[in-house]
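K.L.:
dropping a prediction and its sequence here:
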Amino acid sequence: MIVEEIMKTDVFTLTPTDKVGDAVRLMREQNIRHLPIINKNSEVVGIVTDHDIKNALPSCLREEPNSVMYDTPIDQIMIKNPIIGHPLDFVEEVALTFYDNKISCLPIVSGGQLVGIVTTTDVLYTYIELTGANQPASKIDIRVSNKPGMLHEITKVFSKHKVNVLSVLVFPDSENVDSRILSIRIQRINPLTIIEDLRKEGFDVLWPNLPGVKL
């Protein structure tokens, strides 16, 4: 999935000469936490977040719109030359950028101009949708050998039970470098018969593994 599919294109912006008070009002009115700062050519020159506002305004002044600080030009508190993304970037690359740089939003630029914005919330919602976590389902964790064909063998069992697979995530096994953990979400509320068949086929089902329940 690419950024273009999840980015917001209706972006609220300010210019470097706008005031801190303008940012406070716009964030409150639109219920947003990030404001790209652009010049007259729609080029991104900075970004302001609610965190920057809180750092600039002592708590005793945040509710006083007549404070001198509210008249400070936005370029005095904005993050200059922020990290930017492109509409064709992969969403997972953006998530890694957020993680590595400890940032919460990414202005999206094409042809030198601002065309959208992506936030950590957008990426989180996308993850939820991609994994099917927002649908009625069950999650099954299976330890498998790290060799080709294992997923194919597992899906044979799902096919036998006529159950849809919503997502598959692969994790390293902390106990064995030669194994992987497959975390599979299936469209079935009660997976007990499926788990029983997986174990009959020799698969190591780690979850669900409820104490006192024989599967």
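P.N.:
Nice, thanks for sending it over.

K.L.:
ok, what's across the strand from Val170?
P.N.:
Leu182 (DSSP bridges).

K.L.:
and it, what does it touch?
P.N.:
Arg180, Ile181, Leu182, Ser183 (Cβ atoms under 8 Å, 6 or more residues apart in numbering). To be clear about C-beta, it is placed using only N, CA and C from the backbone, and glycine gets the same treatment.

K.L.:
burial check on the third one, number of neighbours?
P.N.:
The number of residues packed around Leu182, counting by other Cβ atoms under 10 Å, is 18.

K.L.:
buried sites along the lowest-mean-pLDDT helix or strand in the chain?
P.N.:
For the chain, counting by mean pLDDT, DSSP states H and E, helix 50-56 ranks last in confidence among helices and strands (a mean of 89). By neighbour count on 16 or more other Cβ atoms under 10 Å, the buried set for helix 50-56 is Asp50, Asp52, Ile53, Ala56.

K.L.:
what's that helix in contact with?
P.N.:
Residues outside helix 50-56 that contact it (Cβ under 8 Å, 6+ apart) are 20, 23-24, 27, 33-34, 62, 69, 72, 77-79, 104.

K.L.:
again with stretch 15-31
P.N.:
With contacts defined as Cβ under 8 Å, 6+ apart, stretch 15-31 is touched by 12, 14, 32-33, 35, 37-40, 45-46, 48, 50, 53, 56-57, 62, 65, 69-78.

K.L.:
buried subset of those residues?
P.N.:
So, by 16+ other Cβ under 10 Å, the buried ones in the contacts of stretch 15-31 are 14, 32-33, 35, 37-38, 45-46, 48, 50, 53, 56-57, 69-70, 74-75, 77-78.

K.L.:
per-residue pLDDT of the residue positioned nearest the centre of the chain, please?
P.N.:
With distances taken as Cα atoms, centre = their mean, Val123 lies nearest the centre of the chain, 2.3 Å away. At Val123, the model reports a pLDDT of 96.

K.L.:
and for the one 5 residues further on?
P.N.:
Model confidence at Ile128, given as pLDDT, is 93.

K.L.:
that one contacts Ala137, doesn't it?
P.N.:
No. Using Cβ atoms under 8 Å, Ile128 is not in contact with Ala137; the gap is 11.8 Å.
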